[in-house]
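Colleague: no sequence for this one, just the structure:
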């Protein structure tokens, strides 16, 4: 079996991993699909591609351009590799004892949590059972396509699962991770509690959530990570690279 066929098979598999989440479309699988298709085109036309590169290399400006692009690609690979290590470490950062549990909201369908949100709530139940004296802030506002706020849907789900209502605090104004943290901190101030928090969200999101929390003055951020369905993992992992880059550039 030729190297070309092996590479095309691997690139086809990579493309498949980003097509699986459809009809979900976001920056993560769009980027993955574009890169996969580009790699497949280059591999399928390798001889012609090498000829083009050889012609470009024959000019001084072309050499500079190729070296520059190659350096950018190498730097990008190193960058996302480091991000992935930090993301993995953040999702495994369990607390010895939680001060407060903050569940970050996501889509509600009608009045019920979406499948992804239910998995976050299941992780929150685990966190609350492990820390029986700890309060839980469910954080998320109401989107235009939602009948009730994410916070109310989360509270209802936790109540159905047997969690005492006096352990649940709703924060139903947030529209972003930044606001989730900001508004939860206001609640902690009102309760006279320290700002240490245990965040419940998907594992791929924990690192960025922790950076946003630390940027707002939270010193100790720990995590209970929800299970992410494998078919979404590659797409959301890549999207998180883009989200982290946006955070590093703009601070939000």
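Modeller: Arrived safely. All figures in this text were calculated on a predicted structure; none of them were measured in a lab.

Colleague: Next up, identify which helix or strand the nearest residue to residue 43 once chain neighbours are set aside is on.
Modeller: Leaving aside its chain neighbours, residue 43 sits nearest to residue 7 (4.8 Å; criterion: Cβ to Cβ, 6 or more residues apart in numbering). For the C-beta atoms, the positions are set from N, CA and C on the backbone; glycine is no exception. Counting by DSSP states H and E, the element that carries residue 7 is helix 3-19.

Colleague: quick check: mean pLDDT across the helix or strand following that helix?
Modeller: Where DSSP H and E defines the elements, the next helix or strand beyond helix 3-19 is helix 27-44. When pLDDT is averaged over helix 27-44, the result is 96.

Colleague: What is the neighbour count of the residue nearest to residue 43?
Modeller: 16 (other Cβ atoms under 10 Å).

Colleague: next one: residue 132
Modeller: 8.

Colleague: picking up where we left off before, in the helix holding residue 7, what's buried?
Modeller: 7, 11, 14, 15, 17, 18 (16 or more other Cβ atoms under 10 Å).

Colleague: need those in a markdown table with pLDDT and distance to residue 196, can you?
Modeller: Shown next, in a markdown table, are these (pLDDT from 0 to 100; distance: Cβ to Cβ, whole Å):
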| residue | pLDDT | distance to residue 196 |
| --- | --- | --- |
| 7 | 94 | 48 |
| 11 | 96 | 45 |
| 14 | 96 | 40 |
| 15 | 97 | 43 |
| 17 | 95 | 37 |
| 18 | 96 | 37 |
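
Colleague: Distance to residue 226 added to these, as a markdown table?
Modeller: Below are the buried residues of helix 3-19 laid out as a markdown table (distance: Cβ to Cβ, whole Å):
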| residue | distance to residue 226 |
| --- | --- |
| 7 | 35 |
| 11 | 30 |
| 14 | 25 |
| 15 | 27 |
| 17 | 20 |
| 18 | 21 |
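
Colleague: From those residues, pick the one nearest residue 203.
Modeller: residue 17 (17.2 Å; Cβ to Cβ).

Colleague: Contacts only, for the nearest residue to that closest one once chain neighbours are set aside.
Modeller: Ranked by Cβ to Cβ, 6+ apart and with sequence neighbours excluded, the top spatial neighbour of residue 17 is residue 234, at 4.6 Å. For residue 234, the contact set (Cβ atoms under 8 Å, 6 or more residues apart in numbering) comprises 17, 18, 28, 29, 32.

Colleague: Am I right that residue 101 is in a strand?
Modeller: Yes: counting by DSSP: H, G, I helix; E, B strand; the rest coil, residue 101 falls inside a strand.

Colleague: Please tell me how far it sits from residue 158.
Modeller: 11 Å (Cβ to Cβ, to the nearest Å).
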